[in-house]
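In: Generate a structure from the sequence data that follows.
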Amino acid sequence: MDFETAVENAMFGIFHNAGQVCSAASRLLVQETIYDRFVERLAERSSKIVVGNGGSEKIEMGALTNEHHMNKVLDYIKSGIEEGAKLVCGGKRLTENGLEQGFFIAPTIFADVNANMRIVKEEIFGPVLVVEKFKDEEDAILKANDSIYGLAGAVFTEDMDRAKRIISNLRAGITWINSYHLAYIDGPWGGYKQSGIGRALGANGLEHFMETKQINIHQHAKPVGWYAN
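Out: Residues are numbered from 1 along each chain as shown. Have a look, this model is predicted:
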């Protein structure tokens, strides 16, 4: 996959709406051969995101919904640091340049994480990205599926055979190849595992508004079953 395109999509996947999206791409798996270079570039780009009042066209990322949620996200960041994850950028509340009246958190990236950390296992629902390296395709699939959640996921590669193979093995209900967050009203929306039951949107979503009746018809006069003797 084109390097810069992958970086931009990774940023959009997590920092769109300050990470307050059910399908936010909060876990990023990068192949070990490009891991250090990718994390460095991702941090460089993310640190330049313009944070502020979303009413301005110049702003690229806005605030969290309320103070309680902001403090919850900050607690996750603290937990990541205490558990040994490498804080690459961000990790703090922003109060400069008039932001002190809002609930703003700098775009935050953790590297060198492992599956046992809270920031990896739990849903933060904020602008916090955890980046983990993988060795090969099999390793990537195992790590991607190592979660109690399974709402969304994506793969970025120029090899379409590989992309389809990985997507078919990804335990997630909404998936993309070489894009992220794009949603279509005619496609079913919902997840696997603890990411919900049922589907919204599409024909599958209409079933939630319908009642199903079971009708059994016996076309013979004689009774059936054990009592028929």
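In: remind me, longest helix of this protein?
Out: Ranked by residue count under DSSP state H, the longest helix found in the chain is helix 67-82.
In: Roughly how far does the residue nearest to I148 when sequence neighbours are not counted sit from R171?
Out: In space, and not counting its chain neighbours, I148 is closest to Q194: 4.7 Å by C-beta to C-beta, 6 or more residues apart in numbering. The C-beta positions use only the backbone N, C-alpha and C, and glycine is treated the same way. Distance from Q194 to R171, counting by C-beta to C-beta, to the nearest Å: 11 Å.
In: quick one: S23 is in a helix?
Out: No - using DSSP: H, G, I helix; E, B strand; the rest coil, the assignment for S23 is coil, not a helix.
In: Tell me how far the nearest residue to it once chain neighbours are set aside lies from Q219.
Out: Ranked by C-beta to C-beta, 6+ apart and with sequence neighbours excluded, the top spatial neighbour of S23 is A152, at 3.8 Å. Separation of A152 from Q219 (C-beta to C-beta): 48 Å.
In: Looking at the two now, which is surrounded by more residues?
Out: Taking other C-beta atoms under 10 Å, A152 and Q219 do not tie; A152 has more neighbours (23 against 4).
In: Report the beta-bridge partner residues of that one.
Out: I174 (DSSP bridges).
In: can you pull the pLDDT of it?
Out: Here, the pLDDT recorded for A152 equals 97.
In: for G55, same thing?
Out: 86.
In: Likewise for P223?
Out: 68.
In: A10 and V130 touch, don't they?
Out: No - using C-beta atoms under 8 Å, A10 makes no contact with V130, being 11.5 Å away.
In: shared neighbours of these two, which are they?
Out: Contact with both A10 and V130 is made by residues L28, according to C-beta atoms under 8 Å, 6 or more residues apart in numbering.
In: three-state assignment of K143?
Out: helix.
In: shouldn't it be in contact with E132?
Out: Yes - using C-beta under 8 Å, K143 is in contact with E132, at 6.4 Å.
In: When the two are compared, which one has more neighbours?
Out: E132 (23 against 18).
In: And the pLDDT at the more buried one?
Out: 98.
In: May I have the strands that pair with the strand or helix carrying it, each with its orientation?
Out: Under the criterion of DSSP states H and E, E132 resides in strand 128-134. Strand 128-134 pairs in its sheet with strand 27-31 (parallel), strand 108-111 (parallel), by DSSP bridges.
In: what's stretch 47-63 in contact with?
Out: 11, 15, 17-18, 89-90, 94, 97-99, 102-104, 106-107, 127.
In: which one of those residues has the most neighbours?
Out: These, ranked by neighbours (other C-beta under 10 Å): first place P127, 29 neighbours.
In: check contacts around that one.
Out: 14-15, 18-19, 61, 73, 90, 105-108.
In: ditto for F104
Out: 51-52, 62-64, 70, 93-95.
In: Tell me where the chain has helices.
Out: 3-15, 35-46, 67-82, 118-121, 137-145, 160-169, 202-206.
In: Now do the shortest one, average pLDDT.
Out: Think helix 118-121. The model assigns helix 118-121 a mean pLDDT of 98.
In: Name the residues of it that come out as buried.
Out: 119-120 (16 or more other C-beta atoms under 10 Å).
In: now the longest helix of the chain, how far from the centre of its chain.
Out: 18 Å (C-alpha atoms, centre = their mean, to the nearest Å).
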